[in-house]
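Participant: predicted coordinates and the sequence they were generated for:
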Amino acid sequence: MVVVTAEFEATLSLERFNRYLEWRSGNHALALELYALNTKLSEALYTPLQILEITLRNRIHIVLTEARHERWFEDDGFLLLDHQRDRIAEASKQLASERKDPTPGRIVAALTFSFWTAMLAGSYENLWQETLHAIARREDGKGFTRKDFSTPLSPIRTLRNRVAHHEPIVQWDLPKHYRHILQLIRWLSPAAAGWCERYSRFPEVYPNEPIVLSAS
């Protein structure tokens, strides 16, 4: 068992695994357990993060299609950020290389989460006031400010990227971010939130007690 454990540790980068060792005061067995927990939590967060990304993407596309047209992202001067225009060009190029028709649906589906969260950045405050505020509505009928979305979405985007790149997330306040993810989904689509709550495994995977880590 010791040999197998050592071989497994060797497959992980020294820098990556040292984080877990520090958090478990140099205890290799506990560090591996923490690594396993990090993996399980990342897996459990995949469903809510996926539903948030899909729901946000589709709500923005639907609202802008209704306000403008299906290919709103191609309008001159509409996209304000360079990286967004780059993502559109890359998506179109990729579809062309696959000999697929660059339909609006295919281009929209190929865009990254950062593209969609950028639509809620300060650069688009005027667009929010004019159009994008329609992506969500409170149960009492009142609307939201742009920052109601952009503020929680910023760390959620970072969390999503950490999950995607297999980085440590156990040091994060994951229950708080999970609540924020569900709240955002609920604002965008109560039906999607209900489905997510039914199938999400995060509540059962996260320990009953907060995760306590040793100081580095």
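Facilitator: In hand now; what should we look at? What you are looking at is a predicted structure, and each value in this text was computed from that prediction instead of being measured.

Participant: give me the average confidence score over the host helix or strand of T151.
Facilitator: Element membership for T151, per DSSP states H and E: helix 146-164. Helix 146-164 shows a mean pLDDT of 97.

Participant: in the helix or strand that that helix is followed by, what counts as buried?
Facilitator: For helix 146-164, the following helix or strand on the C-terminal side (DSSP H and E) is helix 174-188. Neighbour counts over helix 174-188 (16 or more other Cβ atoms under 10 Å) mark 174, 177-178, 180-182, 184-188 as buried. C-beta here means a position set from N, CA and C on the backbone, and glycine is covered the same way.

Participant: as PDB, could you dump the C-alpha coordinates of helix 174-188?
Facilitator: In PDB, the C-alpha atoms belonging to helix 174-188 read as follows (Å, rounded to 0.1, in the frame of the first residue of the first chain):
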ATOM      1  CA  LEU A 174     -18.100  26.100  -1.400                       C
ATOM      2  CA  PRO A 175     -21.500  26.000   0.300                       C
ATOM      3  CA  LYS A 176     -21.800  29.800  -0.100                       C
ATOM      4  CA  HIS A 177     -20.900  29.600  -3.800                       C
ATOM      5  CA  TYR A 178     -23.300  26.700  -4.300                       C
ATOM      6  CA  ARG A 179     -26.100  28.700  -2.800                       C
ATOM      7  CA  HIS A 180     -25.200  31.600  -5.100                       C
ATOM      8  CA  ILE A 181     -25.200  29.200  -8.100                       C
ATOM      9  CA  LEU A 182     -28.700  27.900  -7.300                       C
ATOM     10  CA  GLN A 183     -30.000  31.400  -6.700                       C
ATOM     11  CA  LEU A 184     -28.800  32.600 -10.000                       C
ATOM     12  CA  ILE A 185     -30.300  29.600 -11.800                       C
ATOM     13  CA  ARG A 186     -33.600  30.200  -9.900                       C
ATOM     14  CA  TRP A 187     -33.700  33.800 -11.100                       C
ATOM     15  CA  LEU A 188     -33.100  32.800 -14.700                       C
END
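
Participant: beyond it, next helix or strand please.
Facilitator: Under the assignment DSSP H and E, the closest C-terminal helix or strand after helix 174-188 is helix 190-199.
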